[in-house]
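Asker: Everything below, folded, please.
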Amino acid sequence: MPIYPSVEPLTVELVEKVIAQERPDALLPTVGGQTGLNLAVALKEADVLDQYLLLFADSSPSIGLLTKTH
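Answerer: Coordinates of the predicted model:
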């Protein structure tokens, strides 16, 4: 049976479901450009990252500055 990809808007709720199912160790928010950064900040503000003990996997200081300013 073929597997068909699902196309859905990236929301905090959807990403939290994926995180709960997949249990990653870290999040690499810079791969998705500004959308990825915005979603990472929204996840941080919603305490999703703390709830699942996720770290930001990024060598750039931009994400640290971005999350501190929000």
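Asker: The helix ranked longest in the chain: which residues count as buried?
Answerer: Ordering each helix of the chain by length in residues (DSSP state H) puts helix 33-45 first. For helix 33-45, a neighbour-count test (16 or more other C-beta atoms under 10 Å) marks Gly36, Leu37, Leu39, Ala40, Val41, Leu43, Lys44 as buried. Backbone N, C-alpha and C define where each C-beta goes, glycine included.
Asker: show me the contacts for Leu27.
Answerer: Ala40, Leu43, Leu49, Leu54, Leu55, Phe56, Ala57 (C-beta atoms under 8 Å, 6 or more residues apart in numbering).
Asker: separation between the fourth one and Val7?
Answerer: Going back to what we said before, that points to Leu54. 24 Å (C-beta to C-beta, to the nearest Å).
Asker: Neighbour count for these two, which is higher?
Answerer: Higher neighbour count among Leu54 and Val7: Leu54, with 18 against 5, using other C-beta atoms under 10 Å.
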